[in-house]
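# Sequence and predicted structure, then a few things I'm wondering about:
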Amino acid sequence: MKKVLTLLGVAMMLLLTVSAARAQKFKVLEGDMKALKSITALKMEYVYSPMGVGKFDEEAAYLNKKVKEYNDKESGKGDRWKKAWVEDRKKRFEPAFEELFNKHADAQVGPKGTYKMIMHTTFTEPGYNVVVHRKNASIDAVFTILDAGGKVLAKIQMSGAPGRTYGGYDYDTGERIEESYAMAGKALAKKYFSK
């Protein structure tokens with residue numbers, strides 16, 4: 001019985017991993033994707049504006065609403081939340097993207113790249129987890145790859161990079177969104193930057 005439950009658990013994890021890897025969609029907006037496979041090093045730049053968040057077309061409207069809600073519940077909580085929202089980009093999202101991109105790509109992200117990739121996050125669904133009900137996070141982004149002279153080699157649109165953790169203990173917004181960036185890095189690397 002123990003073996004059956006273990007096998008069932010492993011099968012479920014594999015199913016979730018496969019479905020997560022297929023969840024995001026890519027669309028080539030311009031460029032030659034074959035040229036990307038020869039790139040060995042990339043510098044990264046991250047852009048977060050303009051960006052829609054949840055039901056809001058503009059991030060500022062979302063932030064204003066959440067800050068007010070949290071500050072109404074507890075003085076200063078909204079201000080701390082907003083600070084973490086912005087700081088999570090450098091502390092969590094960008095490292096998560098780069099870690100899985102570097103793990104799955106032939107090219108490596110680092111300071112010495114001759115090529116540059118700009119990741120413009122155009123939409124963030126922060127999701128939620130309130131124990132009895134949840135919605136997974138996701139992000140949409142446009143990746144622009146430039147050569148050393150600044151010429152656009154490729155532009156790729158990605159939609160729906162999922163952010164979820166196994167076990168359902170992702171009550172922190174940053175944790176869910178961090179997983180979206182990790183999945184985006186992995187999927188982009190496998191699709192366009194590995195031979």
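Here it is on my side, so go on.
# quick one, helices of this protein?
With DSSP state H, the ranges of helices along the chain come out as 2-23, 33-36, 59-73, 77-88, 94-104, 173-192.
# Deepest-packed of these, please.
Among the helices of the chain, ranked by average contacts under mean count of other CB atoms under 10 Å, first place goes to helix 173-192 (a mean of 23). All C-beta spots, glycine's among them, are computed from the backbone N, C-alpha and C.
# packing partners for that helix?
Counting contacts by 3 or more CB pairs under 8 Å, 6 or more residues apart in numbering; DSSP states H and E, helix 173-192 packs against helix 2-23, strand 25-31, helix 77-88, helix 94-104, strand 115-125, strand 137-146, strand 152-163.
# Buried residues, the last one. List them.
Okay, so that is strand 152-163. By neighbour count on 16 or more other CB atoms under 10 Å, the buried set for strand 152-163 is 153-156, 158-163.
# Now tabulate those in JSON lines and tack on pLDDT.
Shown next, in JSON lines, are those (pLDDT from 0 to 100):
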{"residue": "153", "pLDDT": "96"}
{"residue": "154", "pLDDT": "97"}
{"residue": "155", "pLDDT": "98"}
{"residue": "156", "pLDDT": "98"}
{"residue": "158", "pLDDT": "98"}
{"residue": "159", "pLDDT": "97"}
{"residue": "160", "pLDDT": "94"}
{"residue": "161", "pLDDT": "94"}
{"residue": "162", "pLDDT": "93"}
{"residue": "163", "pLDDT": "86"}
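# closest to residue 173 among these?
Closest approach between the buried residues of strand 152-163 and residue 173, by CB to CB: residue 163, at 9.5 Å.
# Tell me the bridge partners for that closest one.
residue 137 (DSSP bridges).
# Contact partners for it?
By CB atoms under 8 Å, 6 or more residues apart in numbering, residue 163 lies in contact with 127, 136-139, 170, 176-181, 183.
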